[in-house]
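Chemist: The following block contains a protein sequence and its predicted model.
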Protein chains: 2
Amino acid sequence: MTTEKDIFHEHLKRTRLKRTDQRDLILDVFIGTEGHISVEELYELVKKKDPSVGFTTVYRTMKLMAEARLAHEVRFTDGRARYEHEYNHDHHDHFICNNCNSVIEFYSAEIEKLQEEIARQNSFKIQDHSHRIFGICSNCQEKNTSIGVAAVRSYS
Amino acid sequence: MTTEKDIFHEHLKRTRLKRTDQRDLILDVFIGTEGHISVEELYELVKKKDPSVGFTTVYRTMKLMAEARLAHEVRFTDGRARYEHEYNHDHHDHFICNNCNSVIEFYSAEIEKLQEEIARQNSFKIQDHSHRIFGICSNCQEKNTSIGVAAVRSYS
DNA sequence: CTTAGTGCAAACCGTTTGCAAATGC
DNA sequence: GCATTTGCAAACGGTTTGCACTAAG
């Protein structure tokens, strides 16, 4: 059975990079998370296990994990990079609540298919996509009858 | 006939803000552009007409234009905010070439409909969305048989 | 022993903010 | 006249980089 650690080590070998204790630790900590974790959040968790690890290393390692297809980078409304597990996790897109910032995952085979069709019509070769739907989640709709739409949000 | 300037001035009146020469000039220059212009690009154009305008004012005015629904903010791969015309322009989404950074607009009524359906199923109230498809445009596919996929792109 | 990785501090870059002076209404 | 806007410079916040040192293979 292939583990995320195997994949990571293989990726390192293939690209002639070195295994280090820091990289292994960051991977271990990342494996223990779920959802969409920011680099800083991950750094805080790593620091608990080994306070000597620098946050630059976490940044660099997460880039490696993305290259190894273990992590997928996403961005919501706070301008930070966030990572979600990619290995053994199905692709999905996101609803993002403009009120409470919660994130709901969704998947539509039909949308995926239509994307491919339109790409084909345009002779465009898809490598990746980012489909984010912003609005108000059901929870916030119930709790708050009048939600301020003060400013136009910037979706970084 | 309602012009973009009318809409802008109405928006200012409604929100009790003031018309200024700078704001009018920036709007005029923006009206004269097409595509997806960055704040800095817009600032350079504005400077040609009036070098005394500060770039902070351009930033602030573009936010106003977005609030007035004259401009829509988008972000591709360079981390900059870009604005495209929203008034009298149909909604669309984007293909973005990872090789030459060109942008192709697309629209699918079916995808839009499916989005709404999935939102309804999740009791999510859509306010906006951002749907970006990254890959290689037809032009780059022809010209370059081997395109480097060196690093994982960060889609800001 | 050679090459890559680490941690730190400083740089970076797009964007925002504090402020005194200027302007709209 | 009062409130808003302006332009400047400085701050901000997330991320990246240069570098002397350390560690992996």
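Modeler: Thanks, I have it.
Chemist: Neighbours of the residue in chain A that DNA strand D sits nearest to, how many?
Modeler: In chain A, the residue that lies nearest DNA strand D is A:Ala81 (3.2 Å; CB to the nearest atom of the strand). (Glycine included, C-beta is placed from N, CA and C.) A count of nearby residues for A:Ala81, using other CB atoms under 10 Å in any protein chain shown, gives 20.
Chemist: ok, for it, nearest residue in space, not its chain neighbours?
Modeler: Nearest residue to A:Ala81 in three dimensions, chain neighbours excluded: A:Glu73, at 5.4 Å (CB to CB, 6 or more residues apart in numbering or on different chains).
Chemist: same question, A:Gln141
Modeler: By the measure of CB to CB, 6+ apart, the closest residue to A:Gln141 outside its immediate chain neighbours is B:Lys125, 5.9 Å from it.
Chemist: partner residues bridging the one you found?
Modeler: A:Ile136 (DSSP bridges).
Chemist: quick one: it from A:Ile111, how far?
Modeler: Taken as CB to CB, to the nearest Å, the spacing of B:Lys125 relative to A:Ile111 amounts to 19 Å.
Chemist: before we move on, the earlier item: please list all residues in contact with the residue of chain A closest to DNA strand D.
Modeler: With contacts taken as CB atoms under 8 Å, 6 or more residues apart in numbering or on different chains, A:Ala81 has the following neighbours: A:Ser38, A:Val39, A:Met62, A:Glu73, A:Val74, A:Arg75, B:Ser154.
Chemist: Which of the helices or strands spans the fourth one?
Modeler: Same thing as A:Glu73. Remark: A:Glu73 resides in strand A:71-74, with elements defined by DSSP states H and E.
Chemist: one step back: what about B:Lys125 and A:Ile111, which has more around it?
Modeler: A:Ile111 (23 against 18).
Chemist: so is the more buried one in a helix, a strand, or just coil?
Modeler: helix (DSSP: H, G, I helix; E, B strand; the rest coil).
Chemist: From DNA strand C, how far off is it?
Modeler: Taking CB to the nearest atom of the strand, to the nearest Å as the criterion, A:Ile111 is separated from DNA strand C by 28 Å.
Chemist: I figured that residue hits B:Glu117, correct?
Modeler: No - under the criterion of CB atoms under 8 Å, A:Ile111 makes no contact with B:Glu117, lying 9.9 Å away.
Chemist: looking at chain A, which helix or strand is least sure?
Modeler: Among the helices and strands of chain A, helix A:138-143 carries the lowest confidence by mean pLDDT, DSSP states H and E, at a mean of 91.
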